[in-house]
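Enquirer: Got a predicted structure plus its sequence, pasted below:
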Amino acid sequence: MANINQFLREHLNEVSGKNIHIAPGIDDKKINNAVKSFNFSGSPGNIIALFDNTLFGSGKDGLLFTGEQLISRPSFSDPVMVSYAEIATVEYVEATPSGKKDKVIHSIEIMTKDGKKIVIKDLLECDYTRLAQILNQVITDFDEYKEEQQLISIDEMDEVVKLAYIKVIINMTWDNDNIIDDKEFAEILLLMTRLDLNSESRFVLRAYMSSMEQKEPLSQLMDVINKGCPEGQGKSLHISVTKDLINLWFITGGQDPASFTFLQQNRDIIVVSDEEINLAVMAIRNDQNMLKDDVTDDQIKNALKELSAKAAAVGTPLAAVYLSGSVVGMSAAGMTSGLASLGLGGLLGLSSMATGIGVAVLIGVGTYAGIRRLTGANELTRSKRRELMLNEVIKQTQTTISLLIQDINYITQKLNAILLVQGTQDAQIKKMMMLMGQMTGAGSVLTGKSNKAQGSVSKLRCAQFLDENKLRALTREATKADLFTFIREYYEERSFRQIKDDDDKGAQVIKLVIRKELSNKELENLAKAFEAIGYFSVSDVLKGTAVDVASKAKDKLTGFFS
């Protein structure tokens, strides 16, 4: 049987067409309200679904599902938690009140193994019969119950999975015409950048592309992906790889996926439906249109809402299509940030896409309002909004060029070593190799300058001296709580002499400053974390401080009257 998390994600939407919300498409406000109201102590990213039983959509009452437990919170009552492992029976009950034959009261009675009865009733627009069936399948068809992150971007996954993923793409390019042409090679390099492969993995892939007589079977590669990916994420990866395969096929002149031989011949291995293929094609077209000059913001919004509806109809989260980022060159985080500038950050639901605190979680659902305030996106013109996404594309391309120069330099060094061993004396060869060495060396120097400047820019977007109390106030919400630890770990205590005037010798003060020797990626992630919590936004700071003060006052009053 499938993973319990995957099973619930795929079937709970059958319970209600309106009130059930499936991860990762649950609004941050609902999640924060539910975590507090349902007394849920786990990670918000582990929540599979929320049945919102409130009239105004606050998410404070209803049902909350994780991979281990069900929490029920009736209106004006305390939450009741029951783990699936403790449930003995689940029964759908219909009752007719005396004297009211035309009225039927629906409920579900859950009996635990220790004899406790839990009654679920008064749910708005709920298919009680289907809910009871799903819960019965949960207790009869599964032996293991485990909470886990609901969606993880590929760049956060194990290096083995990323290697197999790109090898699948490489296999397709060779199968197509027995050659990797310039366009295909460029797209593969961009994909390697988006997936954040390390230098060793890039070397493995270079060797793989140059010796396709030792090509690994597709079935073997997909088996590596299925076994190595986080539990319950296999289907999402299959959809993502389908999107990247079709995109590369389109770039080389392909038109109709029905005539895409590699995909059609391997449907039993890739395991993807016609509806999921159509969803991937729709996402590719939307991505390409998003950066066109003649496409308005309203058209982009409508297209993405249509895409989101299509994903819901297929029964898969839209974010699954973007696990490897956007085909136009944006990473998963960049895609989220770009949509955030349009006020559409919640469509992808990427706030849950991280094993810990990765790039994607920093700018996930609900944070787009802060980004809009910081960037002035509410007043930005159509072209300026699109510029935010184009900047991400440019950044990814520059990073790819930088990595390409590193790889060329590596190959040049290897070739020089071989020529020395072989004792080649040809003056022309030596001259050409010296010239290549100069060019790659200069490229490495220029890349170093660019990286240093980029790091400085990212550092400017971070707090020079961290205000820990301010940070704590801004990360009180459940969906931002982990960001406190994430940001704090990048800072260390250092002693400074504080001098007030010329005659003052100064006193030693301790301040929190950014750790030295952080990589560009770490600085970029840190900057995005500050943006995500609104650290430099006056309204967010005031709101966080007000909540902090109110909470402290409440604690004092509680202590006074207890």
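Expert: Nice, thanks for sending it over. Numbering: from 1, shown residues only.
Enquirer: For residue 484, which residues are in contact?
Expert: 471, 472, 475 (C-beta atoms under 8 Å, 6 or more residues apart in numbering). C-beta here means a position set from N, CA and C on the backbone, and glycine is covered the same way.
Enquirer: next SSE after the helix or strand hosting residue 168?
Expert: Using DSSP states H and E, residue 168 sits in helix 159-177. Sequence order places helix 182-194 as the next helix or strand after helix 159-177, per DSSP H and E.
Enquirer: Next, the buried residues of that following helix.
Expert: Across helix 182-194, burial judged by 16 or more other C-beta atoms under 10 Å covers 184, 187, 188, 189, 190, 191, 192, 193, 194.
Enquirer: Could you single out the nearest of those residues to residue 217?
Expert: Among the buried residues of helix 182-194, residue 188 lies closest to residue 217 (C-beta to C-beta), at 19.2 Å.
Enquirer: closest to residue 507 among the buried residues of helix 182-194?
Expert: For those, the nearest to residue 507 is residue 193 (48.1 Å; C-beta to C-beta).
Enquirer: what separates that closest one from residue 150, distance-wise?
Expert: Using C-beta to C-beta, to the nearest Å, we find residue 193 at a distance of 26 Å from residue 150.
Enquirer: Was I right to think residue 105 contacts residue 119?
Expert: No. With the criterion set as C-beta atoms under 8 Å, residue 105 and residue 119 do not qualify as a contacting pair; they are 10.7 Å apart.
Enquirer: that older thread, out of the buried residues of helix 182-194, flag the one nearest to residue 458.
Expert: residue 193 (17.1 Å).
Enquirer: Wait, residue 20 touches residue 13, no?
Expert: Yes. The pair residue 20 / residue 13 is scored as a contact, 5.7 Å apart, by C-beta under 8 Å.
Enquirer: Please say which of those two ends up with more neighbours.
Expert: Each of residue 20 and residue 13 has its neighbours counted (other C-beta atoms under 10 Å); residue 20 has more, 22 against 16.
Enquirer: Now for residue 105: which residues touch it?
Expert: 94, 95, 96, 97, 121.
Enquirer: hmm, try it at 10 Å
Expert: Neighbouring residues of residue 105 by C-beta atoms under 10 Å, 6 or more residues apart in numbering: 93, 94, 95, 96, 97, 121, 122.
Enquirer: and it, how far is that from residue 118?
Expert: 16 Å.
Enquirer: Repeat that for residue 173.
Expert: Going from residue 173 to residue 118 by C-beta to C-beta gives 55 Å.
Enquirer: more neighbours, these two?
Expert: Looking at residue 173 and residue 118 with other C-beta under 10 Å, you find the greater number of neighbours at residue 173, namely 24 against 16.
Enquirer: any idea which element residue 462 lies in?
Expert: Per DSSP H and E: residue 462 is located in neither a helix nor a strand.
Enquirer: do residue 292 as well
Expert: For residue 292, there is no host helix or strand (DSSP H and E).
Enquirer: thought it was touching residue 299?
Expert: Yes. Using C-beta atoms under 10 Å, residue 292 and residue 299 qualify as a contacting pair, with a distance of 9.5 Å.
Enquirer: Could I get the average pLDDT for stretch 417-425?
Expert: Throughout stretch 417-425, pLDDT has a mean value of 66.
Enquirer: do stretch 106-126 as well
Expert: For stretch 106-126, mean pLDDT rounds to 95.
Enquirer: roughly how far apart are the closest residue in space to residue 144 that isn't next to it in sequence and residue 82?
Expert: Excluding its sequence neighbours, the residue lying closest to residue 144 (C-beta to C-beta, 6 or more residues apart in numbering) is residue 4, at 7.1 Å. Residue 4 sits 15 Å away from residue 82, going by C-beta to C-beta.
Enquirer: same thing with residue 192?
Expert: Distance, residue 192 to residue 82, by C-beta to C-beta: 46 Å.
Enquirer: go on, residue 455?
Expert: In this view, residue 455 and residue 82 are 50 Å apart by C-beta to C-beta.
Enquirer: among the contacts of residue 484, who's most crowded?
Expert: Result: residue 475 is most packed of the contacts of residue 484 (other C-beta under 10 Å), 23 neighbours.
Enquirer: so who does that one touch?
Expert: By C-beta under 10 Å, 6+ apart, the residues touching residue 475 are 481-488, 529, 532-533, 535, 544.
Enquirer: would TSV of the residues you listed with distance to residue 307 and pLDDT be doable?
Expert: Below are those laid out as TSV (distance: C-beta to C-beta, whole Å; pLDDT from 0 to 100):
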residue	distance to residue 307	pLDDT
481	31	84
482	29	83
483	29	87
484	34	91
485	34	89
486	30	90
487	33	93
488	37	93
529	28	85
532	24	78
533	29	84
535	32	87
544	34	56
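Enquirer: Name only those of those that count as buried.
Expert: Neighbour counting over the contacts of residue 475 (16+ other C-beta under 10 Å) leaves 481, 482, 483, 484, 486, 487, 529, 532, 533, 535, 544 as the buried ones.
Enquirer: Give the single residue among the residues you listed positioned nearest to residue 244.
Expert: Checking the buried ones among the contacts of residue 475 against residue 244 by C-beta to C-beta gives residue 532 as the nearest, at 27.3 Å.
Enquirer: isn't that closest one right up against residue 471?
Expert: No. In this structure residue 532 lies outside contact range of residue 471 using C-beta under 10 Å: 11.9 Å.
Enquirer: between those two, what contacts are shared?
Expert: Common neighbours of residue 532 and residue 471 (C-beta under 10 Å, 6+ apart) are 483, 487.
Enquirer: rewinding a little: what's the closest of the contacts of residue 484 to residue 274?
Expert: Nearest to residue 274, judged by C-beta to C-beta, of those is residue 475 at 43.9 Å.
Enquirer: ok, and the closest non-adjacent residue to the closest one?
Expert: Per C-beta to C-beta, 6+ apart, closest to residue 475 is residue 484, 4.1 Å.
Enquirer: swap in residue 233?
Expert: Computed as C-beta to C-beta, 6+ apart, the closest residue to residue 233 that is not its neighbour in sequence is residue 152, at 6.1 Å.
Enquirer: what's the offset of stretch 137-157 from the middle of its chain?
Expert: 16 Å (C-alpha atoms, centre = their mean, to the nearest Å).
Enquirer: So that it lines up with my notes, have the first residue be 344 from now on.
Expert: Fine by me, first position is 344 from now on; the one you just mentioned is stretch 480-500.
Enquirer: Let's see that stretch as PDB, backbone CA atoms only.
Expert: Output in PDB follows, covering the C-alpha atoms of stretch 480-500 (Å, rounded to 0.1, in the frame of the first residue of the first chain):
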ATOM      1  CA  GLN A 480      -8.800   2.300   5.000                       C
ATOM      2  CA  VAL A 481      -6.300   4.100   7.100                       C
ATOM      3  CA  ILE A 482      -6.700   1.700  10.000                       C
ATOM      4  CA  THR A 483      -7.000  -1.500   7.900                       C
ATOM      5  CA  ASP A 484      -4.600  -1.000   5.000                       C
ATOM      6  CA  PHE A 485      -1.600   0.600   6.700                       C
ATOM      7  CA  ASP A 486       0.800  -0.800   9.300                       C
ATOM      8  CA  GLU A 487       3.000   2.300   9.700                       C
ATOM      9  CA  TYR A 488       2.000   5.800  10.500                       C
ATOM     10  CA  LYS A 489       4.600   8.600  10.200                       C
ATOM     11  CA  GLU A 490       4.500  12.400  10.000                       C
ATOM     12  CA  GLU A 491       6.700  13.900   7.300                       C
ATOM     13  CA  GLN A 492       7.100  17.100   5.200                       C
ATOM     14  CA  GLN A 493       4.400  17.200   2.600                       C
ATOM     15  CA  LEU A 494       6.600  18.400  -0.300                       C
ATOM     16  CA  ILE A 495      10.300  18.900  -0.800                       C
ATOM     17  CA  SER A 496      12.100  20.600  -3.700                       C
ATOM     18  CA  ILE A 497      14.600  18.400  -5.600                       C
ATOM     19  CA  ASP A 498      17.500  20.700  -4.700                       C
ATOM     20  CA  GLU A 499      16.900  19.700  -1.100                       C
ATOM     21  CA  MET A 500      17.000  16.000  -1.800                       C
END
